[in-house]
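1. Any chance you can model this:
(4 chains)
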4 protein chains.
Amino acid sequence: MSNVKLAVIFYTMSGTNYQMAKWAEEGAKEAGAEVKVLKAEELAPQSVIEANEAWKATVEKTKDVPVATSADLEWADAIIFSIPTRFGNMPSQMKQFLDTQGGLWASGKTINKVVSGMTSAQNPHGGQEATLLSLYTSMMHWGAIIVSPGYTDEVLFGAGGNPYGTSVTVDQDGNMVEDVEGAVKHQAKRTVTVADWVIKGIQ
Amino acid sequence: MSNVKLAVIFYTMSGTNYQMAKWAEEGAKEAGAEVKVLKAEELAPQSVIEANEAWKATVEKTKDVPVATSADLEWADAIIFSIPTRFGNMPSQMKQFLDTQGGLWASGKTINKVVSGMTSAQNPHGGQEATLLSLYTSMMHWGAIIVSPGYTDEVLFGAGGNPYGTSVTVDQDGNMVEDVEGAVKHQAKRTVTVADWVIKGIQ
Amino acid sequence: MSNVKLAVIFYTMSGTNYQMAKWAEEGAKEAGAEVKVLKAEELAPQSVIEANEAWKATVEKTKDVPVATSADLEWADAIIFSIPTRFGNMPSQMKQFLDTQGGLWASGKTINKVVSGMTSAQNPHGGQEATLLSLYTSMMHWGAIIVSPGYTDEVLFGAGGNPYGTSVTVDQDGNMVEDVEGAVKHQAKRTVTVADWVIKGIQ
Amino acid sequence: MSNVKLAVIFYTMSGTNYQMAKWAEEGAKEAGAEVKVLKAEELAPQSVIEANEAWKATVEKTKDVPVATSADLEWADAIIFSIPTRFGNMPSQMKQFLDTQGGLWASGKTINKVVSGMTSAQNPHGGQEATLLSLYTSMMHWGAIIVSPGYTDEVLFGAGGNPYGTSVTVDQDGNMVEDVEGAVKHQAKRTVTVADWVIKGIQ
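-> Residues are numbered from 1 along each chain as shown, chains lettered A, B, ... in the order given. The predicted model follows:
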């Protein structure tokens, strides 16, 4: 593999999507990619976070993760987004990150990024498909090449068989219901593999 | 309740969506509605059906169910569609039924129909959200009023919490994985309740 | 008409969606509704706004418009959202407003709101359909009743025939390309008319 | 370029999507691809077609175009679908073609096909975005690599700037309103270029 650069950009309150991002990092590194794990900047006031024990703990746990920037997108050949669903759509924090990339977009630098997405929800059908499809709609505006997992590996069936991207259900105690580690790693490998083809092709 | 007329229109190979249609019928009748259960016309050749034991049995079981027509849509105040997913979208059989309603649509007779949808898939995330959202997109062209279940009742959480409509996973033996009977009945009642408001409002 | 309460909630940088919101207000008032025009809270830093003449002028022009709150949603029987597209999806500012309604949602107070959406884009097909469909996906999570215009009036064809909601193209000078005033007013009337039916039905 | 094989599969009543398919063929051939232009099989009865002069003429004009088969999909490295919108979704004829590819799909032979879509509608916003997004949803089930045009060339703006695929409005006389020939050719070239990268990468 050529030196594929992957940005895994997540937003999380409970830590789920951070865990998924780290699994994606592992999978992509195993495939030989260079990986940056990055977080979307928080929009919530500190006081709101402080009032929620789980959220506060997650913020503490991810405090050394760099905030994603336009430069990271420019650097990346491939991008994996990992986001919880908020009413069947990405959280405002990730949307704000995308919305502020108008300059990068206008300069054509989002073109041909290889993109894939992952998500989580509190209900099995709580937006796990809709959130990913909405993400890909935005990515089409960017001229990205969209590589969802489809049914490209047996491991995906055990994770719920979401062809748009790995998705997990989170129970009321904040635990993941399905075992999605293998699916995430497969998705990450698939993403960087296609990115490798694109890099070599563009050269 | 005024005399709400509900058409429950399904397509099925395995019988799942017929079962869901019958539960919807029960729920709507309990709420006082007049109900027609109808099937979308088959497009597959008889020889293909004959070669598939389960499909053949379903066709036999539903042979006395009338095929849905434009007249049924005109008659109905509310419509519940029950369809399996085919690659994240409704089956061609149901699409064909919709596509052939151009005359009804052009005459304005699809306007203000109260519409809701149900679906099934082989994987938990195998298009159960996407199929319903796609159905509603078409219904917006019809000028329909869209009433999905959202999270309007506790029973919906047990059925997987799909806010776009009741959805069920069907295992390899053709059995439903989740217990969705209560969710279907709730959805049917909600649909005819809103239809009742619309009927009274229009008068 | 009963005393329908309509919240028209917009986000705008160029003023387009404020203008559309005001037309919606006019249309709804003509139909007898009580209307609040409200804006989604800004997320951009003041310095960024100051550096953009057109944006700065819009912020000045809308400075007396109240910021939308949960209390406004609770008050409203019907909601019309008016939003520019950002990469085929609503702007982060409006998403942030939706995301912070978790409390209202959890208490069941978003159920049966009658909802409709309007949008604008720089290109004729720059997300004008996708943005509205994505909005409605979120509204299904809320248990809302979705009333898009469909093809319910001749005036809609002149405005581009977007069945999901009125949409307008904005040229490089910030001017609206299509004449959508009539379409907006029709959509507003349709929305409050259905809300009237729902109010009377619930009583 | 390696010997990229492109299948351009259309459905048409008015001839518009056949014209677009032929422009795609031209563009792809200029880029060095081998191209098959294919049609989805008709579902309408002959008597219905005969009763519609324009439709009958189109059927006559396309009578020598081969009907698309599973073998064509297996043969192809890239697929461009060209379809009119029917209520914001592909026509049943194309859906039927997709639905009958279950065997190909189950054998993994749809994986990594490079896919792009084009569409037409009678209204500027009559489903031109929704239809393409729905097509891509199905393609994700196939494990396809999705390459929409985004804003990858200036020519796209003149064609309406639909980032999901070239779309055209057809007036009441059956004429295309926008000049989309250049956009179609660009999209075709982009599609086969990415397919070329994928082919070389897989080798």
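2. for A:P66, phi and psi?
-> Main-chain dihedrals, A:P66, degrees, to the nearest 10: phi -70, psi 150.
3. Can you classify the spatially most central residue of chain A by secondary structure?
-> Taking C-alpha atoms, centre = their mean, the centroid of chain A lies closest to A:F81, which sits 1.8 Å from it. Classification of A:F81 using DSSP: H, G, I helix; E, B strand; the rest coil returns strand.
4. Leaving out sequence neighbours, find the closest residue to it.
-> Spatially, and ignoring its direct neighbours in sequence, A:F81 is nearest to A:G117 (4.6 Å; C-beta to C-beta, 6 or more residues apart in numbering or on different chains). C-betas here are computed from N, CA, C, even on glycine.
5. Give me the distance between the helix or strand harbouring that neighbour and the centre of its chain.
-> Per DSSP states H and E: A:G117 is located in strand A:114-121. Its chain's C-alpha centre and that of strand A:114-121 lie 5 Å apart, by C-alpha atoms, centre = their mean, to the nearest Å.
6. now whatever helix or strand comes next after that strand, how far from the centre of its chain.
-> Note on strand A:114-121: by DSSP H and E, the next helix or strand toward the C-terminus is helix A:130-141. Distance of helix A:130-141 from the chain centroid (C-alpha atoms, centre = their mean) equals 12 Å.
7. do the same with stretch A:125-140
-> For stretch A:125-140, the distance to the chain centre is 11 Å (C-alpha atoms, centre = their mean).
8. do stretch A:58-76 as well
-> Using C-alpha atoms, centre = their mean, the offset of stretch A:58-76 from its chain centre is 12 Å.
9. same deal with stretch A:115-123?
-> 8 Å.
10. What residues does chain A have near chain C?
-> A:43, A:86-93, A:95-96, A:98-99, A:105, A:126-127, A:130, A:134, A:137-138, A:140-142 (C-beta under 8 Å from any C-beta of the partner chain).
11. What segments of chain A are helices?
-> Assigned by DSSP state H, chain A shows helices spanning A:16-30, A:46-50, A:53-61, A:70-75, A:92-99, A:102-106, A:130-141, A:155-158, A:181-202.
12. Tell me, how many residues neighbour A:D179?
-> 11 (other C-beta atoms under 10 Å in any protein chain shown).
13. wait, it sits on A:G158?
-> Yes. A:D179 is within contact range of A:G158, at 6.7 Å (criterion: C-beta atoms under 8 Å).
14. got the contact list for A:A33?
-> Neighbouring residues of A:A33 by C-beta atoms under 8 Å, 6 or more residues apart in numbering or on different chains: A:M1, A:N3, A:V4, A:K5, A:L6, A:A78, A:V192, A:A195.
15. Tell me the spacing between the first one and chain D.
-> To tie it back to what came earlier, the one meant is A:M1. 10 Å (C-beta to the nearest C-beta, to the nearest Å).
16. Look up how far chain C lies from that residue.
-> 30 Å.
17. Nearest residue to that residue in space, ignoring adjacent ones along the chain?
-> With C-beta to C-beta, 6+ apart, the residue lying closest to A:M1 is A:G32, at 4.0 Å.
18. if we can go back for a sec, residue contacts, the residue nearest to A:F81?
-> A:I80, A:F81, A:S82, A:I83, A:T131, A:L132, A:L135, A:Y136, A:S148, A:Y164, A:G165.
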